[in-house]
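Student: could you work out the structure for the sequence below:
(chains A and B)
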Amino acid sequence: MSRIEKKFNELKELNKKALITFVTAGDPNLEGTKKIVIQMEKDGADIIELGIPYSDPIAEGPVIQAANERALKNSIRIKDIFDMVKDMRVTAKVPLVFLLYFNCIFKYGPDKFFSDCVSSGVDGVIIPDLPFEESDELDEVVSKYDVDIISLVAPTSKERIEKIAKRSKGFLYCVSSLGVTGVRNKFSTDFNEFFSYINKYTSIPKAIGFGISTPEHIKNLKGYCDGLIVGSAMVKQVERSSNIDEAVKNVSDYVKTLREAMDS
Amino acid sequence: MDLHKKGRYGEFGGQYVPETLMNALLTLETEYEKYKNDPEFIKEFQFYLKEYGGRPSLLYFAERMTKDLGGAKIYLKREDLNHTGSHKINNVLGQALLAYKMGKKRIIAETGAGQHGVATATAAVLFGLECEVFMGEEDMERQSLNVFRMNLLGAKVRKVTSGTGTLKDATSEAMREWVARVEDTFYCLGSVVGPHPYPAIVRDFQSVIGNEVREQIMRKEGKLPDYLIACVGGGSNAMGLFHPFLNDKEVGMIGCEAAGEGVDTDKHAASITKGSIGVLHGMKSYFLQDDDGQITPVFSISAGLDYPGIGPEHANFHATGRAQYVPVTDKEAVNAFQYLTKTEGIIPAIESAHAVAHALKLAPTLPKDKIIVINVSGRGDKDVYSVARYMGVKINE
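Tutor: Take a look at the predicted model:
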């Protein structure tokens, strides 16, 4: 059983929902990312997503795009991120998930990439530009390694949800609404309808992401699913900080607020 | 062609897009398959190409150029004479008609040089659609005339400041907008790039170029050309010229990539000559990138060729050897721009001048009974400022 599955099982027994937090690796530098991840675990993040910076992040809104640009300015390499994870794994027990674009895996070499995931302690991978139609490209390689490929479904997926959900490992990433990542004031999606499709086809844990930023969002959405993902709003905490210590503090305060909303 | 997977050209192509777009792409594919064989749609498309676009475009025997170079006979396919000034209108009339038939009220597009943006804004007027065009900050500056034209046509031009502020980033931003408004918006892609079915749709709508050339050259010469030459950024004018000759093995095809300051510098946009296989904007193809898959900045005097990749069908033509791709520098393109202007009285787009530049090298090496067709994909009015700047000539802009 993967670290992600175990986490969802544990939470279920405690009657709790997963708080999944996101940070862009290398924003503003890798030492900072490491401190932020360790602090997020302490403050109650159940799963942590690390965004791998990319030159052309097609599914990201302005906040995460800017974080990617900040990270890439430091000429950060994927190899350095793996090294950081390995280093962090000495103490960190939290399930770690990479969010990255397919070209990064393709150019790195899929076999080497998933092998490095296993050896450094990356538990899952989210690839926002690899839909069901293209996912068999990684099948052969992925089957050799114990890494969860987390699939995404969107409100536009409709009858596609069945085949997508069947492939998903770890959890199913449910995109809250149309559009790219980033803070939204409200969601126009009919979650009852969306989840009636999803629940009909799968019993895998489900997490909602895209646009979640306030305790109110959490209270309104947590009833539909097993976990909630907070991305851009977390990256904003880093963006508004003038140094690493301040970023760690801002992230910490924010994660605590979110945790409270999750558990109340 | 390997068709075991949908939308593939050999190993190239595919649909590497966020899940939110998948149903929209599948719907587009179904609708396109329906309309492309619908006699009524074909009749309407041809009506607009002829009555509005001004087709067929001429195939002109460049006698003075032929004489001057002393080799192969040179013909110019005059896409520059189309309404809006380039080949872009062919594809746009097709896609706007498709959008209209599909009941979409809003059309978006990316643009580099502004030719596709102007063509889309024009077709939006024709079909009564709301129009927004995404354009990189740098391109808006070097093609300010086209920005003004789009505004005149009632389109909203959205400035893209992310990344390098050129065509690549405009394309990314247009795709992001489509993800946000996929339900009421039609994305009118301007080249043979992007996720399936776009490369096929754009190729089919642009194939009118090659189909006309075949008919025109048979009438004038009674035989097929020996070489087809066209510039390639994403590759739509080249694909439109090449594709109808795909099975005529004796017809050589040459795509001219933007080599900027030279392929041995880091300032170029030669994605086949210097790139490697990767995935961007929904397609697997050749891209300029580093070992981590980060797309590297590109450079060209021509905003329309300033793109770090190439359409997947071209990638396959290269991989299988069906077409040849050669780099042409800014300097060579500017020389060819002036050459065609002075020799034939035709000012080509700086993009098309890349194709002319290669013909200047090739024609003198060939015997006089050989025939070259150059695609003059657009006219050069929009480029006079940047060419003047390149030449160090000051004019009031």
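Student: tell me where the chain has strands.
Tutor: Defaulting to chain A. With DSSP state E as the criterion, chain A has strands at A:18-24, A:47-51, A:96-99, A:124-126, A:148-150, A:152-153, A:172-175, A:206-209, A:227-230.
Student: wait, I meant chain B there
Tutor: All strands of chain B, identified by DSSP E, fall at B:8-9, B:12-16, B:59-61, B:73-78, B:106-111, B:130-136, B:156-160, B:185-187, B:227-231, B:252-260, B:276-280, B:282-287, B:324-329, B:371-376.
Student: now these in CSV, with mean neighbour count?
Tutor: Where C-beta positions appear, they are placed from N, C-alpha and C, glycine not excepted. Formatted as CSV, the strands of chain B follow (neighbours: other Cβ atoms under 10 Å in any protein chain shown):
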stretch, mean neighbour count
strand B:8-9, 22
strand B:12-16, 27
strand B:59-61, 17
strand B:73-78, 25
strand B:106-111, 26
strand B:130-136, 25
strand B:156-160, 18
strand B:185-187, 23
strand B:227-231, 29
strand B:252-260, 26
strand B:276-280, 21
strand B:282-287, 28
strand B:324-329, 21
strand B:371-376, 28
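Student: for those strands, give me CSV that also has distance to chain A and mean pLDDT.
Tutor: What follows is these, written out as CSV (distance: least, Cβ to the nearest Cβ, whole Å; pLDDT from 0 to 100):
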stretch, distance to chain A, mean pLDDT
strand B:8-9, 10, 98
strand B:12-16, 5, 98
strand B:59-61, 39, 98
strand B:73-78, 33, 98
strand B:106-111, 13, 98
strand B:130-136, 13, 98
strand B:156-160, 11, 97
strand B:185-187, 10, 97
strand B:227-231, 24, 99
strand B:252-260, 19, 98
strand B:276-280, 4, 98
strand B:282-287, 7, 98
strand B:324-329, 21, 98
strand B:371-376, 29, 98
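Student: for the ones you listed, give me JSON lines that also has distance to B:Gln206.
Tutor: Shown next, in JSON lines, are these (distance: least, Cβ to Cβ, whole Å):
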{"stretch": "strand B:8-9", "distance to B:Gln206": "16"}
{"stretch": "strand B:12-16", "distance to B:Gln206": "17"}
{"stretch": "strand B:59-61", "distance to B:Gln206": "16"}
{"stretch": "strand B:73-78", "distance to B:Gln206": "12"}
{"stretch": "strand B:106-111", "distance to B:Gln206": "15"}
{"stretch": "strand B:130-136", "distance to B:Gln206": "19"}
{"stretch": "strand B:156-160", "distance to B:Gln206": "24"}
{"stretch": "strand B:185-187", "distance to B:Gln206": "17"}
{"stretch": "strand B:227-231", "distance to B:Gln206": "11"}
{"stretch": "strand B:252-260", "distance to B:Gln206": "14"}
{"stretch": "strand B:276-280", "distance to B:Gln206": "21"}
{"stretch": "strand B:282-287", "distance to B:Gln206": "17"}
{"stretch": "strand B:324-329", "distance to B:Gln206": "18"}
{"stretch": "strand B:371-376", "distance to B:Gln206": "10"}
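Student: which of those sits closest to A:Tyr197?
Tutor: Nearest to A:Tyr197, of all the strands of chain B, is strand B:12-16, at 21.5 Å by Cβ to Cβ.
Student: adjacent strands (with direction) for that closest one?
Tutor: According to DSSP bridges, strand B:12-16 forms sheet pairs with strand B:8-9 (antiparallel), strand B:282-287 (antiparallel).
Student: just so I know, which of the ones you listed lies nearest A:Gly231?
Tutor: Checking these against A:Gly231 by Cβ to Cβ gives strand B:282-287 as the closest, at 22.3 Å.
Student: can you list contacts of the closest one?
Tutor: Residues external to strand B:282-287 that are found in contact with it (Cβ atoms under 8 Å, 6 or more residues apart in numbering or on different chains): A:103, A:129, B:11-17, B:175, B:193-196, B:198-199, B:271-272, B:275-280, B:295, B:308-312, B:314-315, B:318.
Student: strand B:276-280 and that strand, what's the angle between them?
Tutor: Per axes from the mean of the first three to the mean of the last three Cα atoms, to 10 degrees, the angle that strand B:282-287 makes with strand B:276-280 is 150 degrees.
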